[in-house]
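In: Below is the structure, and that's it, no one-letter string:
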């Protein structure tokens, strides 16, 4: 009897002492942050002056996780060194951090198989990425998962999602997905959206489930509560390289193997990944604006004081007279800001020197950066040790990696990626060959130091998901930011433009953008698959009702999509004016039935002309062939003589000198054709007399 009692106490003691474990995948296995990640791992990239990995570990420690394994592959020694010198390695740390170093892994699947070979995880564990920023309470989720597992050992993982509608700032279009789940939150279908305009579900899903929720309003937090079975499945299936592979594999083999996945949808809290540059920007802004509270700068470090308009200042900075910090600004320790410098929506690191009359807008400046006087930088990232000489301009989407120097009065074009390390042209190049190619002086200037890094071209859809997105990228295309014109002199012309996007107005709502993207996809697919034009009209009309688009918006964006088609087919080549005209003539002739369906009335034809005019303002090649395109539309009976003359005589009223110049230029292009129309009309009138 005494032996039995002793055994029972021992089992209870073991249950009480079960250690909560987590596995952090600190490698991204992609080049979303290149060329920065050639020298520093993503997990150590500073977000609001704090390394990304620290946010992830803070979340796990707050949730009561007691032991964390950090899997490192690229630059593993840097991550190990950071963890050893961080507060998490102190004796008072509530969590034990163990870095796992490996150089031979190329995916999350490889990492999990390597961890399983080391037999480090002893039970249920939390699986996260090393770029996660969140304030969610994980402990209740772990208990829910364990209780479900006790009742049904087939439940292998609980996937954590958060509600976020399409277009939400922390929702990356690359990761968009659609799921179906039953009333028990069991995952039944998981499909990545990518470029799809339609999703199909098996009929059995609806026949076998009395209640079924289909969700497209979720954000994948990339947090998984895993049973020990997860590791076994990755070991048994070497084709599981990513979490998506794992989910699809479990769902496909569910009837055979009996494994199930469940979901948990957060009703409160913050969770988002800095998975690419646009997401890095979105998460940074959320932390600064305190959406992730208590994960905010003044809690992450005691050196910051919080002020109005989301301004965070370190105690030992220097702000000279006339300097202006507008809003959403973080200034690190030991930084100097010169006279009359304006900074907005930016993060400045430690020990930076910023000169006089500098303008920084949506810029991420790391440590020990020098920006001399009269520089202008927007939507860019400047890594440690970067030096901008006086008069430099850096346009949107640029990345200047460690130690890059830009010479005086240099203007860097948009989306310029520079590194101070020579870039080999092939894997066989040695350092001497790299150095012999020389610095790109035409880009960085005579006194500059830097080599242009070009993102690799993706070979297939899977690589396309991994390719780099640009800092400052928004859901709105440049063409949409400056659409159409304002009011016209004619009341009738005003009425025709009522629902068309106005130049200088706020960007169009997400539904309009989504509608336009779907129209382009539909047109592209129709061209490739020779879809019947009547069916094409039905599909476009269906999209109109799905997104609640007005008829004028439809007219405008359908023709804009048609104008875009030749350029999309030609990519990556750029069409000449002659090639474009030939392709447009073929296309317009082929789809004339569709054109006549939508552009019947005078108002709809004015919508068409407005769309064509706005597109010409942004595409010089289309502007060059504008008169001939106008003639083609006239000959095809898409545009009437009366509407063309009315459009030509009544440009929209505007106070913008640039817009006026564009209106005059495009009408000047059409003068010869309009004169021909007027003369033809006069001849017709005289013959009737």
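Out: Done, it's in. All values derive from a computational prediction rather than experimental measurement.
In: Check which helix or strand residue 514 maps to.
Out: Counting by DSSP states H and E, the element that carries residue 514 is helix 510-529.
In: pLDDT of that helix, averaged?
Out: For helix 510-529, mean pLDDT rounds to 82.
In: do the same with stretch 125-135
Out: 92.
In: End to end on it, go ahead and measure it.
Out: Criterion CA to CA, to the nearest Å; first-to-last residue distance in stretch 125-135 is 18 Å.
In: likewise stretch 88-97?
Out: With CA to CA as the measure, stretch 88-97 spans 7 Å from end to end.
In: for this protein, which spans come out with low pLDDT?
Out: Along the chain, the model assigns pLDDT under 70 to residues 1-17, 195, 255-256, 425-438, 457-510, 681-689.
In: hey, where'd the strands end up in the stretch 151-300 of the chain?
Out: Taking DSSP state E, counting those that start in this stretch, the strands of the stretch 151-300 of the chain run over residues 155-163, 177-182, 187-192, 212-215, 218-226, 260-266, 271-273.
In: Show me what the last one packs onto, helices and strands only.
Out: Using 3 or more CB pairs under 8 Å, 6 or more residues apart in numbering; DSSP states H and E, the elements in contact with strand 271-273 are strand 132-134, strand 218-226, helix 277-288. (C-beta placed from N, C-alpha, C; glycine too.)
In: For the helix holding residue 514, buried residues please.
Out: 512-524, 526-527 (16 or more other CB atoms under 10 Å).
In: sorry, back to before: tell me which of the strands of the stretch 151-300 of the chain is the most buried.
Out: Among the strands of the stretch 151-300 of the chain, strand 271-273 has the highest mean neighbour count (mean count of other CB atoms under 10 Å), at a mean of 25.
In: mind checking how far it is from the chain centre?
Out: Centroid separation for strand 271-273 versus its chain: 13 Å, with CA atoms, centre = their mean, to the nearest Å.
In: Which residues does that strand contact?
Out: 129, 131-136, 160, 162, 170, 219, 221-223, 279, 282-283, 286 (CB atoms under 8 Å, 6 or more residues apart in numbering).
In: Let's see that with 6 Å instead.
Out: Strand 271-273 is contacted from outside by 131-134, 136, 162, 170, 221-222, 283, using CB atoms under 6 Å, 6 or more residues apart in numbering.
In: and if you look at stretch 66-86?
Out: 19-27, 41, 43-44, 60, 95-102, 105, 111, 120.
In: try it again with 8 Å
Out: By CB under 8 Å, 6+ apart, the surrounding residues in contact with stretch 66-86 are 19-27, 29, 37, 39-41, 43-44, 51, 53-54, 57, 60-61, 89, 94-103, 105, 111, 114-115, 120-121, 130.
In: Put the buried members of these into a ChimeraX selection.
Out: Applied in ChimeraX, the following selects the buried portion of the contacts of stretch 66-86 according to 16+ other CB under 10 Å:
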select :20,21,22,23,24,25,26,27,29,37,39,40,41,43,44,51,53,54,57,60,61,95,97,99,100,105,111,114,115,120,121,130
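In: Filter the contacts of stretch 66-86 down to just the ones in helices.
Out: Among those, the members falling in helices (DSSP state H) are 53-54, 57, 60-61, 111, 114-115.
In: These into JSON lines, with extra columns for distance to residue 291?
Out: Listed next are the ones in helices among the contacts of stretch 66-86 as JSON lines, based on distance: CB to CB, whole Å:
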{"residue": "53", "distance to residue 291": "21"}
{"residue": "54", "distance to residue 291": "18"}
{"residue": "57", "distance to residue 291": "20"}
{"residue": "60", "distance to residue 291": "20"}
{"residue": "61", "distance to residue 291": "21"}
{"residue": "111", "distance to residue 291": "30"}
{"residue": "114", "distance to residue 291": "36"}
{"residue": "115", "distance to residue 291": "33"}
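In: any idea which of the residues you listed is closest to residue 141?
Out: The closest of the ones in helices among the contacts of stretch 66-86 to residue 141 turns out to be residue 60 (CB to CB; 12.3 Å).
In: Let me see the contact set for that closest one.
Out: Contact analysis of residue 60 by CB under 8 Å, 6+ apart lists 22, 24, 68, 95, 126, 128, 138.
In: Let me have those residues in JSON lines, adding distance to residue 275 as columns.
Out: Converted to JSON lines, the contacts of residue 60 look like this (distance: CB to CB, whole Å):
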{"residue": "22", "distance to residue 275": "19"}
{"residue": "24", "distance to residue 275": "15"}
{"residue": "68", "distance to residue 275": "20"}
{"residue": "95", "distance to residue 275": "24"}
{"residue": "126", "distance to residue 275": "18"}
{"residue": "128", "distance to residue 275": "13"}
{"residue": "138", "distance to residue 275": "20"}
